[in-house]
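S.K.: Here is a sequence together with a model predicted from it:
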Amino acid sequence: MRMKSKEAVELLNNGDPIEMGRAADAERRKRFDDTVTFIVDRNINYTNVCKNECRFCAFFRRKDHKDAYLLTNEEILAKVQETVDAGGTQLMIQGGLYPDLGLKYYEDMLKAIKSKYDITIHSFTATEIQHFAYQEGISILECLKRLQAAGLDSLPGGGAEILVDEVRKRVSPKKIMTDDWLHVMECAHSIGMESTATMVIGLGETMAQRIEHMDRIRQLQDKTGGFRAFISWTFQPHNTEMGGEKVSGWDYMRNLAMSRLYMDNIKHIQGSWVTQGERIGQLTLGFGADDLGSIMLEENVVRAAGTAYDMSINKMVEMIKGAGKKPAQRNTKYEILRRF
Amino acid sequence: MYATDEYADIEQKILNGERLTREDGIRLFNCHDIAWLGNMADMVRKKKCGDIVYYNVNCHVNLTNICTSHCKFCAFGKDKDSKGAYAFSIEEALNVVRDAKKDPNLAGLHVVSGLHPDWTFEDYLERLQALHNEFPELYLKGFTGVEITHFSKISGLSVEEVLKKLKAAGLKAIAGGGAEILSDRVRTELCPKKATADEWIEVARTAHKLGIKTNASMLYGHIETIEERVDHLIKLRDLQDETGGLQTFICFPFLPKNTELGKNVKQTSMWDDLRTMAISRLMLDNIKNIKAYWVMLTVPVAQIALGFGANDIDGTVHKETILHDAGATSPTALSEDHIIKIIRDAGRIPAACDCNFNILRRFD
């Protein structure tokens, strides 16, 4: 039977995290047995200029700041080449909300990549999509259709943070609100553009608000079926205006287990070694996660070529094997490309 | 394979409070159902210890890092003429504690040191005595079975006489280090120059006879086999059946960095650390406390380990050096507030204790 929100809130507040982990692990096992996947991809952040100035963000710069940048198509293509050379199958292109670029900049970027490379473009968050549409003076749906035609394959689920306006108004008042985020996702799913969904915990939200977040995603998923995976991160207070404390490992694990238990209609639950470190990342595989996301080809790692990259895959494979699971590299659609 | 079917017999034993066998222990080390293991260990912990998690406000005093033992897993020990080698005078040892005393809650000292080639037993003893004289209010825990065996050999005194002198100088409990893996095969390969397994156990046994409580540890994740881990736990369990003098058990995952052995051995995974913690709780049915030593595990992992059987999170430490020389990435000290928060966030009750687990303050 499907978990009710009241029960979920109670469990998040007072549940035994290990018992929740066992239940979540049983769900994972039913669906995936012992296979745990990961992807080889690269993040390309085309600009750090952003008009949103979210209080939890350490990345953005104002346009006139000395560290502000906007990548040219040549620079982006060079990064794509490195990614392909390193065996990457996916690009995650994301950036700040640059104040005055037309949709053409993004369309040209996508076309330039697709004309040269056979690589999946899993890019732009809902926040960016809405920004592009507004700048261009077109609807979200129209905007997504044009990007899709130019080569955009799927949408990452970033920018969801906590899908409760009360929280959003406090931490990112200029950013899109809950209904806007869901609307972008719904439009995308309607044209066959699948996506993931995310969540950031530790923004001062209540447990009830966390469940409200999961509930909104579960409801939309019932309707569209377009979410491939759910990924939760913890707010990283360092270098941000908001500051504050990191959520504890316990809180993260409990929330992770709950995401597997509550969102019964979302297939993949990703553990985040990037925000939690490799050790807790490995533990997520016992608490409901079936995927560890990307090995993250960092710029310097890619440049350092072969060895560093092999190390990363080896490390990932070992981490998964160490948890008694069978590692497999996947593509963006979660199809298995190779086993180890 | 999953616990619910594969390990149903062991689960039943645990529920009945029956002792697990060597074979059970070995099977558990092959179990990948980490949440089940945690669940079992946590259940036993709750029944045995309730929700209190012990910590202590302490300071580590390492009198010297000059050591003749040259254990292959150690990054702390140095030769006399090596860079960074040191040996505290009495005054220098006192200064470490004077600095730590700026924390008004400081309650105890943890004194462990290298086996210095030129120091006599008296040299160690007078430093301990001086610490006790200047800080009689601080409880003194210190010296491992390895050091005490060494003291006996260099002084010609029996282990019992050495212990009596240490006790007279203010020692209240013996540290758990130096047990490594209580197997002569492992010790011959990694640390042939120090106390053998039997010698280490004999120190603990003698101390218990004299009414001195001791701790015990296991350094794992190097060349030992799973069977050797389980045998180690059983040796401690047998000793405890005999004397009842072991207070807490500490799992030390081997930290490979900067050690000779580390060139060929990788650091243990989270999975292995939590599994080892849980199995230790399940096998050591007669040792009350299981410590999640945050210095080695890192703080977030130690917090999670509280759900895998641990009920002790060690201390504020003041300034840890032995493991940080081996590349530990944890901080070198934690504030008491931080420790209290970690314990509370895990839904448990923090209690500051002395080196004999007497509660000094608790925060319900």
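M.R.: Received, thanks.

S.K.: which stretches of chain B form strands?
M.R.: B:52-56, B:58-61, B:108-111, B:139-142, B:171-174, B:213-220, B:246-253, B:289-291, B:312-315, B:349-353, B:359-362 (DSSP state E).

S.K.: Could you dump those into CSV and include mean neighbour count and mean pLDDT?
M.R.: C-beta coordinates here come from the backbone N, C-alpha and C atoms, glycine included. Converted to CSV, the strands of chain B look like this (neighbours: other CB atoms under 10 Å in any protein chain shown; pLDDT from 0 to 100):
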stretch, mean neighbour count, mean pLDDT
strand B:52-56, 24, 96
strand B:58-61, 24, 93
strand B:108-111, 24, 96
strand B:139-142, 24, 96
strand B:171-174, 24, 97
strand B:213-220, 24, 97
strand B:246-253, 24, 96
strand B:289-291, 26, 98
strand B:312-315, 26, 91
strand B:349-353, 21, 96
strand B:359-362, 13, 95
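
S.K.: for chain B, which spans come out with low pLDDT?
M.R.: The model of chain B has pLDDT under 70 over residues B:1-4.

S.K.: export the strands of chain B to CSV and tack on distance to chain A?
M.R.: Formatted as CSV, the strands of chain B follow (distance: least, CB to the nearest CB, whole Å):
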stretch, distance to chain A
strand B:52-56, 13
strand B:58-61, 23
strand B:108-111, 25
strand B:139-142, 28
strand B:171-174, 30
strand B:213-220, 14
strand B:246-253, 11
strand B:289-291, 15
strand B:312-315, 13
strand B:349-353, 14
strand B:359-362, 20
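
S.K.: Now do the contacts for the nearest residue to B:Pro350 once chain neighbours are set aside.
M.R.: Distances taken as CB to CB, 6 or more residues apart in numbering or on different chains place B:Ile343 nearest to B:Pro350, at 4.1 Å, with adjacent residues excluded. B:Ile343 makes contact with B:53, B:55, B:303, B:306, B:313, B:349-350, according to CB atoms under 8 Å, 6 or more residues apart in numbering or on different chains.

S.K.: now with 7 Å?
M.R.: Listed by CB atoms under 7 Å, 6 or more residues apart in numbering or on different chains, the contact set of B:Ile343 reads B:53, B:313, B:350.

S.K.: Quick check, the first one in contact with B:Pro350.
M.R.: It refers to B:Val53. Yes. Counting by CB atoms under 7 Å, B:Pro350 is a contact partner of B:Val53 at 5.9 Å.

S.K.: still on that earlier bit, and the residue nearest to B:Pro350, how far is that from chain A?
M.R.: Distance, B:Ile343 to chain A, by CB to the nearest CB, to the nearest Å: 10 Å.

S.K.: next one: B:Trp119
M.R.: As judged by CB to the nearest CB, B:Trp119 and chain A stand 39 Å apart.

S.K.: what about that residue, how many neighbours?
M.R.: A count of nearby residues for B:Trp119, using other CB atoms under 10 Å in any protein chain shown, gives 19.

S.K.: What ranges in the stretch 151-300 of chain A fall below the confidence cut-off?
M.R.: Using pLDDT under 70, the stretch 151-300 of chain A drops low at A:239, A:298-300.

S.K.: Name the residues of it found near chain B, please.
M.R.: A:248-251, A:253, A:279-280, A:282-283, A:286-287 (CB under 7 Å from any CB of the partner chain).

S.K.: Strands along the stretch 1-150 of chain A, start to end?
M.R.: For the stretch 1-150 of chain A, applying DSSP state E, counting those that start in this stretch gives strands covering A:35-39, A:41-45, A:90-94, A:120-121.

S.K.: In a markdown table, list these along with mean pLDDT and mean neighbour count.
M.R.: Listed next are the strands of the stretch 1-150 of chain A as a markdown table, based on pLDDT from 0 to 100; neighbours: other CB atoms under 10 Å in any protein chain shown:
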| stretch | mean pLDDT | mean neighbour count |
| --- | --- | --- |
| strand A:35-39 | 97 | 23 |
| strand A:41-45 | 90 | 20 |
| strand A:90-94 | 93 | 23 |
| strand A:120-121 | 98 | 21 |
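
S.K.: And those: which comes nearest chain B?
M.R.: strand A:35-39 (11.5 Å; CB to the nearest CB).

S.K.: counting contacts, what elements does the closest one pack onto?
M.R.: Other helices and strands packing on strand A:35-39, by 3 or more CB pairs under 7 Å, 6 or more residues apart in numbering or on different chains; DSSP states H and E, are strand A:291-294, strand A:326-330.

S.K.: other SSEs contacting the shortest one?
M.R.: This means strand A:291-294. With contacts taken as 3+ CB pairs under 7 Å, 6+ apart, strand A:291-294 sits against strand A:35-39, strand A:268-270, helix A:273-283.

S.K.: Walk me through which strands the first one pairs with, and which way each runs.
M.R.: Here strand A:35-39 has these sheet partners by DSSP bridges: strand A:291-294 (parallel), strand A:326-330 (parallel).

S.K.: what angle sits between it and strand A:90-94?
M.R.: Counting by axes from the mean of the first three to the mean of the last three CA atoms, to 10 degrees, strand A:35-39 points 60 degrees away from the direction of strand A:90-94.

S.K.: ok, which stretches of the stretch 251-364 of chain B are helices?
M.R.: With DSSP state H, counting those that start in this stretch as the criterion, the stretch 251-364 of chain B has helices at B:270-283, B:294-297, B:299-305, B:336-345.

S.K.: Throw those into CSV and include distance to B:Ala130, thanks.
M.R.: Formatted as CSV, the helices of the stretch 251-364 of chain B follow (distance: least, CB to CB, whole Å):
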stretch, distance to B:Ala130
helix B:270-283, 36
helix B:294-297, 26
helix B:299-305, 33
helix B:336-345, 26
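
S.K.: that older thread, now render the contacts of B:Ile343 as CSV, adding distance to B:Gly17.
M.R.: What follows is the contacts of B:Ile343, written out as CSV (distance: CB to CB, whole Å):
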residue, distance to B:Gly17
B:Val53, 22
B:Ile313, 26
B:Pro350, 28
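
S.K.: Quick check: which of the strands paired with strand A:35-39 is buried the most?
M.R.: Highest mean neighbour count of the strands paired with strand A:35-39: strand A:291-294, a mean of 23 (counted as mean count of other CB atoms under 10 Å in any protein chain shown).

S.K.: Could I have the CA atoms of that one written out in PDB?
M.R.: What follows is strand A:291-294, C-alpha atoms only, in PDB (Å, rounded to 0.1, in the frame of the first residue of the first chain):
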ATOM      1  CA  ASP A 291      22.600   4.400  -8.600                       C
ATOM      2  CA  LEU A 292      25.600   6.500  -7.700                       C
ATOM      3  CA  GLY A 293      25.300   9.100 -10.400                       C
ATOM      4  CA  SER A 294      28.300  10.400 -12.200                       C
END
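
S.K.: If you count neighbours, what's buried in stretch B:163-183?
M.R.: Under the neighbour-count criterion of 16 or more other CB atoms under 10 Å in any protein chain shown, stretch B:163-183 has B:163, B:165-167, B:169-183 buried.

S.K.: tell me how far the ends of it are from each other?
M.R.: Stretch B:163-183 has its terminal residues 24 Å apart, counting by CA to CA, to the nearest Å.

S.K.: re the thing from before, for A:Met207, which of the helices of the stretch 251-364 of chain B is the nearest?
M.R.: Smallest distance to A:Met207 across the helices of the stretch 251-364 of chain B (CB to CB): 13.8 Å, for helix B:336-345.

S.K.: and the angle for the closest one with strand B:349-353?
M.R.: Angle of helix B:336-345 versus strand B:349-353, following the same axes, to 10 degrees, is 140 degrees.

S.K.: Quick one: residues contacting the residue of the stretch 201-340 of chain A found nearest chain B.
M.R.: When scored by CB to the nearest CB, the stretch 201-340 of chain A has A:Gly324 as its residue closest to chain B, at 2.7 Å. Taking CB under 7 Å, 6+ apart, we find A:Gly324 in contact with B:His32.
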